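Undergrad: Structure, please.
(2 chains)
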Amino acid sequence: MEYSGRRVLDVPRLEISAGEFFGLLGPNGSGKSTLLRLLHGLEMPSSGSIELDSRPLDERLPLAERRKIGMVFQRPELIYGTVFENIALGMKFRGWKIDGRIEALLDRLEILHLRESFVHRLSGGELQRVALARTLVCEPQVLLLDEPTANLDPYQVGLIESILVEFHQRHRPTVVLVSHNIHQARRLAERVGLLLAGHLIEAAETDRFFEHARDGRVRAFLAGELIY
Amino acid sequence: MGLPPVFVGLVVYLLLSRSGPLGVLDTLFTPTAMIAAETILAFPLAAGLTSSAVRSVPPALVLQVRSLGATAWQTRAAILKHSRRGVIAAVLAAYGRIVAEVGAVLLVGGNIAGKTRVLSTAIILETRRGEFDLALGLGLVLLSLAFLANALLLRLEPKIYR
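TA: Residues are numbered from 1 along each chain as shown, chains lettered A, B, ... in the order given. Sure, this is the predicted structure:
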């Protein structure tokens, strides 16, 4: 993937199985968010292709298929309105009946009391939870998470993680979690990869990745010794 | 955005006059001519303010709305909804422009009693006649209408103070 002639992502091949929970680690500017946007289809690669269930992920893919992908962004941006309106947005786009699942999610995220609050009055942690709710309420089959627990306190991190685990167990979506938190990736992911300067250095099952990584840069990154 | 009203009135007058290119429409000194002139005056203001409100929406918000599965039209509707305070301000500004207009409507309407006389032109007429009480009364009516329009439109804006 290139921006203004500068190559920011160069991943010859990355295959994520249906229902897999994949963790992607890497320093700032390594291309993780760019990769997520490509996996969502929000941007098209400047070369190569992205496939969803062996079908090219581009404008030719029916909207109903593309709507199976959901993403939680690192810095959530919400529509000027209430928490409820924002969470219902994806359901309205799909023409779904607005039912009690919004309240159930709000309750699980411990923000039911904010249902009618305007989003510009929310704290960073509350915004993050609303952003998660508006994605999960659409029950995506592919869930892309860009630092979903950034700026949250330990209790809220634990809450979000437990909700993600529940969601994964119940619905079995394919999950790609981008995180700076290597311990979080180790807790949640079944397979983990490391992205450095746009290159996928290594991807392996979680235990092998953390205990016996093949590439020295992975070992140095995990030990906090990598200079980039 | 700030077209000189009298000039707009003059241009519309010349277009709609018998010898003008649109003279066949026979709309000079009718409410239609007044509406045409007011539209030309108000449109740049409304469009400019609305455009400004929409362009100030962060690109990240547009991306995130798209990520929720919005079609192109749904994205536009969501962004307009997000910008509604700016759109309401645009409508109010355009309304204020229109109700206060005198020069253009006088030129193309002619201030004909029972036909093209409006509050603003009537105030001019009564003031020139020395009927100050009547002019003031008409002015208060105009002011009340402006306040009413503001109040009604502002009800569309969500309550942000609780």
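Undergrad: So A:Glu77 versus A:Leu127, what's the distance?
TA: Distance from A:Glu77 to A:Leu127, counting by Cβ to Cβ, to the nearest Å: 9 Å. Heads up, the C-betas are built off the backbone N, CA and C, glycines and all.
Undergrad: next one: B:Leu148
TA: 37 Å.
Undergrad: quick one: which of the two has more around it?
TA: A:Leu127 (19 against 10; other Cβ atoms under 10 Å in any protein chain shown).
Undergrad: Show me which residues of chain B sit near chain A.
TA: Contacts of chain B with chain A, taken as Cβ under 8 Å from any Cβ of the partner chain, map to B:58, B:60-61, B:63-71, B:74, B:78, B:81-85, B:158, B:160.
Undergrad: Compute the number of surrounding residues for residue 49.
TA: By default, I'm working from chain A. Quick note: A:Ser49 (other Cβ under 10 Å) scores 10 neighbours.
Undergrad: not what I meant, chain B
TA: 20.
Undergrad: How about the contacts made by it?
TA: When contacts are counted by Cβ atoms under 8 Å, 6 or more residues apart in numbering or on different chains, B:Leu49 touches B:Met1, B:Gly86, B:Ala89, B:Ala90, B:Ala93.
Undergrad: Repeat that for B:Leu125.
TA: B:Asn111, B:Arg117.
Undergrad: Quick one: mean pLDDT over stretch A:126-135.
TA: Summarised as a single mean, pLDDT over stretch A:126-135 is 95.
Undergrad: May I have that stretch as PDB, with CA atoms only?
TA: Output in PDB follows, covering the C-alpha atoms of stretch A:126-135 (Å, rounded to 0.1, in the frame of the first residue of the first chain):
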ATOM      1  CA  GLU A 126     -17.300   6.000  27.700                       C
ATOM      2  CA  LEU A 127     -16.800   7.000  24.000                       C
ATOM      3  CA  GLN A 128     -14.700   3.900  23.500                       C
ATOM      4  CA  ARG A 129     -17.400   1.700  24.900                       C
ATOM      5  CA  VAL A 130     -20.100   3.400  22.800                       C
ATOM      6  CA  ALA A 131     -17.900   2.900  19.700                       C
ATOM      7  CA  LEU A 132     -17.600  -0.800  20.600                       C
ATOM      8  CA  ALA A 133     -21.400  -1.100  21.100                       C
ATOM      9  CA  ARG A 134     -22.300   0.400  17.800                       C
ATOM     10  CA  THR A 135     -20.100  -2.100  16.000                       C
END
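Undergrad: All the helices of chain B, in order from the start?
TA: B:5-16, B:31-55, B:59-67, B:72-82, B:84-100, B:103-109, B:119-129, B:132-154 (DSSP state H).
Undergrad: A:Leu152: which of those helices is closest?
TA: Nearest to A:Leu152, of all these, is helix B:59-67, at 18.7 Å by Cβ to Cβ.
Undergrad: For A:Met38, what are phi and psi?
TA: If you look again at residue A:38, you'll see it is Leu, not Met. Per-residue torsions, A:Leu38: phi -70, psi -40 (degrees, to the nearest 10).
Undergrad: Hmm, it is touching A:Leu9, no?
TA: Yes: with contact defined as Cβ atoms under 8 Å, A:Leu38 counts as touching A:Leu9 (7.4 Å).
Undergrad: State the distance from the residue located most distally from the centre of chain B to A:Ala213.
TA: Centroid-distance maximum for chain B: B:Ser67 at 36.1 Å, with Cα atoms, centre = their mean. Between B:Ser67 and A:Ala213 the computed distance is 32 Å (Cβ to Cβ).
Undergrad: which ones are touching the residue nearest to A:Leu132 when sequence neighbours are not counted?
TA: Spatial nearest neighbour of A:Leu132, chain neighbours left out: A:Val72 (5.4 Å); criterion: Cβ to Cβ, 6 or more residues apart in numbering or on different chains. A:Val72 sits next to A:Ala131, A:Leu132, A:Thr135, A:Leu143, A:Leu144, A:Leu145, A:Asp146, A:Pro148 when contact means Cβ under 8 Å, 6+ apart.
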